[in-house]
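Asker: The following block contains a protein sequence and its predicted model.
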Amino acid sequence: MSIDLSALPPATRYKLLTAVVLPRPIAWVTTISRAGVVNAAPFSFFNVFGQDPALVVLGLEHHADGGMKDTTRNIRETGEFVINLVSEAMLEPMVRSAAKVGPEVSEPERLGLKLAPSAHVAPPRLADAPAALECRRVVGLSFSAEREILVGEAVGLACRDGLIDPDTWYVDWGGDYPVARLFADRYARLVEVDRHKIPPAI
């Protein structure tokens, strides 16, 4: 089978690309607005991109009219963000944080998510995330009215006690991080099938 991706509608391309590129990490990004509202949103296009400097990339999606979503606006205004890595236990609230709410609404507050202060940037991290990358914006590249690629520099790493051995720098996920393939697949199915079931408020 040979598929012409350019001939497919974007929604179908998204489904195929996120299903064939595995294991695929998902970023749960926290930002803070100028008004002090903490935002949390999941991003299915994300990865680390180098070590010197320590770069990360995020695929930011704008509204259909080109308007910025909260995460993009907050990063442009403050230049800072936190990428939270999540365990399977955090999957349900992560999906729920994708519900459409106004910029004055804090997803962590709405969903009862605990926050912890970051050491190197202003936006807080999610306290229950096993690891979090504290980042600063480097450059944004716009490819269409709806798609922007953000390159950031990871300037700090926070993690739960016991995750990293400081003598060997060995990272032991233990039982906190399930098989990446199953995690990514379950997330994709939850977003596709259950998004319409997400209540507008809690």
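Answerer: The structure has been received and is ready for your questions. Residues are numbered from 1 along each chain as shown.
Asker: Can you tell me, leaving aside adjacent residues, what's nearest to Gly79?
Answerer: Arg137 (4.6 Å; C-beta to C-beta, 6 or more residues apart in numbering). Every residue, glycine included, has its C-beta placed from N, CA and C.
Asker: For the helix or strand where the one you found lies, list every residue counted as buried.
Answerer: Per DSSP states H and E, Arg137 falls inside strand 131-142. For strand 131-142, the neighbour count (16 or more other C-beta atoms under 10 Å) marks Ala131, Ala132, Leu133, Glu134, Cys135, Arg136, Arg137 as buried.
Asker: Also stretch 62-75?
Answerer: For stretch 62-75, burial by neighbour count (16+ other C-beta under 10 Å) applies to His62, Met68, Asp70, Thr71, Thr72, Arg73, Asn74, Ile75.
Asker: roughly how far apart are Ala119 and Arg136?
Answerer: Ala119 sits 13 Å away from Arg136, going by C-beta to C-beta, to the nearest Å.
Asker: about what we covered before: rebuild the buried residues of strand 131-142 as a markdown table, extending it with distance to Val56 and pLDDT.
Answerer: Below are these laid out as a markdown table (distance: C-beta to C-beta, whole Å; pLDDT from 0 to 100):
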| residue | distance to Val56 | pLDDT |
| --- | --- | --- |
| Ala131 | 13 | 92 |
| Ala132 | 12 | 95 |
| Leu133 | 6 | 95 |
| Glu134 | 10 | 97 |
| Cys135 | 6 | 97 |
| Arg136 | 10 | 97 |
| Arg137 | 10 | 97 |
